[in-house]
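Below: sequence and its predicted model.
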Amino acid sequence: MIFATAGNTYTQSLSSWLTFWYHVGLVLLGLNLVILVHELGHFLVARWFGVKCEKFYIWFDIFGWRLFRFRKGETEYGLGVLPLGGYVKMLGQEDNPARLREEIERAKLRHPPGGMSQDPELAAAEQALYDPRSYLAQSVPRRMAIISAGVTMNVVFAFVAGLIAYTLGVEQQSCSVGMVFPGEAAWRAGIRPGDVIQEINGRPTKRFTDLQRAISVGDISEGIVLSVRRVTLEGKEEELRLRVAPDRIRVAPTIGVTNGFSTRLHSQIAFTRQSSAANASPSLEPGDEIVAIEGHPVRSYGQIHTLLARWPDRTLHLRVRRHGQAHGSEPAEIDVLLPPRKVRHLGLAMRLGPVVAVQENSPAAQAGIQPGDILEKIDDGPVGDPLKVADYLRLLAQRKQAVDVTFLRGEERKPIRVALPLKEQEWFDSPVVPGSPNTIPIWGIAFRVIPEVAEVIPGTPAAELNLHPGSRIMEIRFHVPETAGSGAAPGRSGRQETPVSIKLEGESADWTFVHSILQDLPPGTKVELRFANQETAILEPLEAEDWYWPDRGLVFAPASFLLRAGGFWEAIRLGAEETWSSLTLIVRTLQKLGTGQVSPRGLAGPVGIAQIAYHYASEGLATFLIFLCLLSANLAVLNFIPIPVLDGGHMLFLAYEGIRGKPPSESVVTGLTFAGLIFLLALMIWVTGMDVLRIFGG
């Protein structure tokens, strides 16, 4: 058994290593193919017009350094050492033709009439200008065709990549909602996990990327109107029309949702390692499909989410359809017991902060609760640990229908007393990002949990450390045992690794996200707290006896569908639509960069593009081809921006020459060219710096 295990481990490691290098090779091939077709466009059209092409290089051979070269006919082909593009060198190619003519005139003045042809510089200049195979000897329309050919080829390549991708079949994420970020735009509008978005501003949609693009680069001045389909626990479908005002809290506008989930567990891992789902009996397996919970048939993720929220303290009886290949070709249905998941905590209750968001049409909104209000009492009793309020109200709803609640308002802390209803909890909120607030879903309010100790739970290790109420936590560090590895399996939140540390500085600091991380920490993890007075404390998470976490660690597969062309003409249509969508996306992105709707911090440089490319390559060939379609379309548009040095800048100078009958003056071209070069270099340094910051968590 030991040798078999070792052999399996070696085989798996070798397979992973080979897969990694396959994806790296695919990325290198794809990225350089986009460059190759661009330069090939210039090359082919130049040769078509009879222009002599002296060099054709992928990457740049700076200082004459190159990886290899060879000559075929009159052209030198090679691979340079600087992997930032490529170029075609044509005879007489010069940013400013006037400069050549002026050099010839100056040379004629320097040399006697009989010796001009003996001067090599003069001879080269004359050849560049007057040789019929020179680039400069071509008419303006022909030079425009040569310059624009690279962009044209990129558009053609984008179309071909899209056509092939849809012939193979592209896995698309459905336009449904998996998680809703507490307090953000979608949450405020009343969108819930499991909702399916059918229309965006009146236009039918099926893909989650359509939602992302409509929000990030669309017209959001009046908000966006979403047509939403919601499946109730009883299986009834509700149609909702919601207006959502996107937030501008990230590099691009967002409403704060993730893509949706199916009812099937992920094909690679069924549950997070430290969750109660890991203790299901019999064990859950990747690919299992949940068809019923406690006798309730389920056909959508939203129904599963509701049942998990409603009964967090029960051992749930699941009916699972198993599709595993080890169990035969026919799926089999089995019963699985899913135990509850006890909340893990540090023995500390934090201070309750103000309300930061109120859900539209919620009980809190109808009662007049406003951001800034502070929850003080529930039925004349203290609130207690703010993280336990939602669970406390869930239990209270089993005995009562409403409670009297007191809020404090304004600087004078004026008490506001309202009656708020109690009912069964239909969903729960997950703090996905640092700074996420805590929520009371049944009332529709989100509030801060300030990382300041309000109470130390007696009998816990925290009490033995003599920690005091009022101590402000500024940073938390996680010390994960080496045997546990650096991260956990990917959960529904998409968070794959335990962060090394979280800073809790500033007014927006919130303890809620930290609390969610505690639930997934491997056993033996030590949590180090650094307080404002520079003192530190090290604690190990404890399990509560009567407090349960609704998310039991099930990892669901994304809700997706395969979009495959039914024939050649449909593949052409889908490829053309994908190309047009990619072209207009970059145009709209540039527009929104100009208006400030999209932040330049979201731009990716060479490192970022390579990382994104690797991600798509690992998703499959068809998905990678869709990425190349987008990348090639982006290159086409960006190259045609009228900035000197780029193809668009050359086209601008040619347009001027065509209108005036002569090229721009040397001083104008030189000044604009240097300005364009400095701009592009600064942009390259900027985006590369942003790539580095993202890698190191900046």
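Looks like it arrived, so ask away.

Residue 169 - how many residues pack around it?
Neighbour count for residue 169, taken as other Cβ atoms under 10 Å: 13. Just so you know, the C-beta spots here come from the backbone N, C-alpha and C atoms, and that holds for glycine as well.

That one and residue 157: what is the separation?
Residue 169 sits at a distance of 20 Å from residue 157 (criterion: Cβ to Cβ, to the nearest Å).

Residue 631 against residue 606, yeah?
No. The criterion here is Cβ atoms under 8 Å, and residue 631 misses it with residue 606 at 12.0 Å.

Of these two, which one has the most company?
residue 631 (24 against 15).

Show me what the helix or strand encompassing that one packs onto, helices and strands only.
Assigned by DSSP states H and E, residue 631 belongs to helix 621-639. When contacts are defined as 3 or more Cβ pairs under 8 Å, 6 or more residues apart in numbering; DSSP states H and E, helix 621-639 packs onto helix 2-48, helix 140-168, strand 170-173, helix 568-595, helix 606-618.

Dump those to TSV, plus distance to residue 385 and mean pLDDT.
Output for the helices and strands packed on helix 621-639, formatted as TSV (distance: least, Cβ to Cβ, whole Å; pLDDT from 0 to 100):
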stretch	distance to residue 385	mean pLDDT
helix 2-48	43	77
helix 140-168	51	94
strand 170-173	37	94
helix 568-595	43	92
helix 606-618	39	89
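
Residue 355 is nearest to which of these?
helix 568-595 (31.6 Å; Cβ to Cβ).

Just the buried residues of that closest one, please?
571-572, 574-575, 578-579, 581-583, 585-586, 588-589, 592-593 (16 or more other Cβ atoms under 10 Å).

Return the distance of that helix from the chain's centre.
How far helix 568-595 lies from its chain's middle: 19 Å, per Cα atoms, centre = their mean, to the nearest Å.

Not counting residues beside it along the chain, what's closest to residue 39?
residue 86 (4.6 Å; Cβ to Cβ, 6 or more residues apart in numbering).

Just confirm that neighbour contacts residue 61, I think it does.
No. In this structure residue 86 lies outside contact range of residue 61 using Cβ under 8 Å: 10.0 Å.

Of those two, which one has the most company?
residue 86 (21 against 18).

so that one bridges to which residues?
Residue 86 has the following beta-bridge partners by DSSP bridges: residue 58.

That one: what's it in contact with?
For residue 86, the contact set (Cβ atoms under 8 Å, 6 or more residues apart in numbering) comprises 35, 36, 38, 39, 57, 58, 59, 60, 80.

Give me the buried entries from the residues you listed.
The neighbour-count test (16+ other Cβ under 10 Å) marks 35, 36, 38, 39, 57, 58, 59, 60, 80 as buried among the contacts of residue 86.

Run through the residues that contact the closest residue in space to residue 61 that isn't next to it in sequence.
Counting by Cβ to Cβ, 6+ apart, residue 61 lies nearest to residue 80, which is 3.8 Å off, once chain neighbours are set aside. The contact partners of residue 80, by Cβ under 8 Å, 6+ apart, come to 57, 58, 59, 60, 61, 62, 65, 66, 67, 86.

Tabulate those residues in CSV, adding columns for pLDDT and distance to residue 360.
Rendered in CSV, the data for those read as follows (pLDDT from 0 to 100; distance: Cβ to Cβ, whole Å):
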residue, pLDDT, distance to residue 360
57, 90, 58
58, 88, 55
59, 85, 54
60, 83, 55
61, 84, 61
62, 81, 58
65, 85, 62
66, 86, 62
67, 88, 60
86, 85, 53
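
Include distance to residue 260 when you put those residues into a markdown table, please.
Below are the contacts of residue 80 laid out as a markdown table (distance: Cβ to Cβ, whole Å):
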| residue | distance to residue 260 |
| --- | --- |
| 57 | 46 |
| 58 | 41 |
| 59 | 42 |
| 60 | 44 |
| 61 | 49 |
| 62 | 48 |
| 65 | 50 |
| 66 | 49 |
| 67 | 46 |
| 86 | 41 |
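
quick check, nearest of these to residue 75?
residue 57 (10.3 Å).

Would you confirm that the closest one contacts residue 82?
No. The pair residue 57 and residue 82 fails to qualify as a contact (Cβ under 8 Å) at a distance of 10.0 Å.

Show me what the mean pLDDT comes to for the helix holding residue 631.
Per-residue pLDDT values across helix 621-639 average out to 94.

Against which helices or strands is the helix or strand just after that helix packed?
In the C-terminal direction, the helix or strand that comes right after helix 621-639 (DSSP H and E) is helix 647-660. Applying 3+ Cβ pairs under 8 Å, 6+ apart, one finds that helix 647-660 contacts helix 140-168, helix 666-695.

Identify whichever of those lies nearest to residue 556.
With Cβ to Cβ as the criterion, residue 556 lies closest to helix 140-168 of the helices and strands packed on helix 647-660, at 25.5 Å.

Any buried residues in that closest one, and which?
Across helix 140-168, burial judged by 16+ other Cβ under 10 Å covers 140, 142-155, 157-168.

now stretch 216-226
For stretch 216-226, by 16+ other Cβ under 10 Å, it's 216, 217, 218, 220, 223, 224, 226.

still on that earlier bit, just send the buried ones among the contacts of residue 86 back as JSON lines, with distance to residue 440 too.
Formatted as JSON lines, the buried ones among the contacts of residue 86 follow (distance: Cβ to Cβ, whole Å):
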{"residue": "35", "distance to residue 440": "54"}
{"residue": "36", "distance to residue 440": "57"}
{"residue": "38", "distance to residue 440": "55"}
{"residue": "39", "distance to residue 440": "60"}
{"residue": "57", "distance to residue 440": "63"}
{"residue": "58", "distance to residue 440": "59"}
{"residue": "59", "distance to residue 440": "58"}
{"residue": "60", "distance to residue 440": "59"}
{"residue": "80", "distance to residue 440": "61"}
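
Quick check: the two most widely separated of those?
Greatest spatial distance in these: 38 and 80, 15.1 Å, computed using Cβ to Cβ.

all strands of the stretch 401-550 of the chain, in order?
Under the criterion DSSP state E, counting those that start in this stretch, strands of the stretch 401-550 of the chain are mapped to 402-409, 414-421, 438-440, 445-456, 473-479, 501-503, 526-531, 536-539, 542-548.

which strands and helices sit next to the longest one?
With contacts defined as 3+ Cβ pairs under 8 Å, 6+ apart, strand 445-456 has these neighbours: strand 348-358, strand 374-378, strand 438-440, strand 473-479, helix 512-518.

can you tell me which of these comes nearest to residue 281?
Residue 281 sits nearest to helix 512-518 of all those, at 25.2 Å, using Cβ to Cβ.

which residue ranges form the helices in the stretch 51-200 of the chain?
For the stretch 51-200 of the chain, the helices defined by DSSP state H, counting those that start in this stretch cover 97-110, 120-130, 140-168, 185-189.
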